[in-house]
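Colleague: Kindly return the folded structure for what I paste below:
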Amino acid sequence: MNESKTPIQNRAIETRQKIVSAAYSLFFTNGYKKTNTIIIAKKANVSVGIVYSYFKNKDELLEMWLDDLLKRCDNYFYNQFKLKSFSVELSLIVGNILEKLSDTFFSSPLVKETSPYIIKTLNNFYDKAGKIFIKACNDANVFIKNSYESIHVIINLIKSYNHDTKYRPSHINMETLKRRYVVAISSLMSQNA
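Modeller: Sure, this is the predicted structure:
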């Protein structure tokens, strides 16, 4: 990826940040396919030319968003698993992570897109996020059985959880649904005393 233009004046820094914030919001809300530089510019209240003066294309903004999410995941996973040292149950930690990932990424239409670029980009993102998750687990003496294979199962469970929360039968309570997924994810982990 080409480096984006890094502004040094306050007004330019603010303009660039408005573009970044607009793009992040649109990718989450609309997905990749329905987001373009015209829509990003409109939401950021700047011209399309200004967007292109800072960024090569929307791919660069998407990759920035995903990199930012990885950084936030790193901190979040580490802090969640650090709760183990305060005797917080693993199921509560897994539930927190399930909800957070569901709310901040997996409920985006982007996750369901099937273009070759998105599939490749998301697979790369999932691999990196999985490594971060495994490291946070290991640092807290929580180990994932067959870690790299299990990470793909965990990702698919989170995707299924998102689907089921939207389309669940009315007779299934949300807490019951969440508990089922927490148990399934937790079953892939083991704890050392």
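Colleague: and the helix-or-strand element of the chain with minimal mean pLDDT, which strands flank it?
Modeller: Confidence across the helices and strands of the chain bottoms out at strand 189-191, with a mean of 86, counting by mean pLDDT, DSSP states H and E. Using DSSP bridges, strand 189-191 pairs in its sheet with strand 142-144 (antiparallel).
Colleague: Pop the domain breakdown of the protein in here.
Modeller: Domain assignment for the chain, taken from automatic domain parsing, gives 1-56, 57-191.
Colleague: so can I have TSV of those showing mean neighbour count?
Modeller: From N, CA and C alone the C-beta is placed, and that goes for glycine too. Putting the domains of the chain into TSV (neighbours: other Cβ atoms under 10 Å) gives the following:
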stretch	mean neighbour count
domain 1-56	16
domain 57-191	16
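Colleague: Helix, strand, or coil at the residue sitting nearest the centre point of the chain?
Modeller: The residue lying closest to the centre of the chain (Cα atoms, centre = their mean) is Phe105, at 4.0 Å. Taken by DSSP: H, G, I helix; E, B strand; the rest coil, the conformation at Phe105 corresponds to helix.
Colleague: That one touches Leu98, doesn't it?
Modeller: No: the criterion here is Cβ atoms under 8 Å, and Phe105 misses it with Leu98 at 11.7 Å.
Colleague: Identify the residue spatially nearest to Asp74, adjacent ones excluded.
Modeller: Of all residues not flanking Asp74 in the chain, Ile132 sits nearest, at 5.0 Å (Cβ to Cβ, 6 or more residues apart in numbering).
Colleague: Also Ala44?
Modeller: Excluding its sequence neighbours, the residue lying closest to Ala44 (Cβ to Cβ, 6+ apart) is Ala22, at 3.9 Å.
Colleague: Same check on Gly130?
Modeller: Closest residue to Gly130 apart from its sequence neighbours, by Cβ to Cβ, 6+ apart: Ile151 at 3.5 Å.
Colleague: Could you do Tyr117 as well?
Modeller: Asp59 (7.3 Å).
Colleague: immediately after the helix or strand harbouring that neighbour, which helix or strand?
Modeller: Assessed by DSSP states H and E, Asp59 sits inside helix 58-82. Following helix 58-82 in sequence order, the next helix or strand is helix 90-101 (DSSP H and E).
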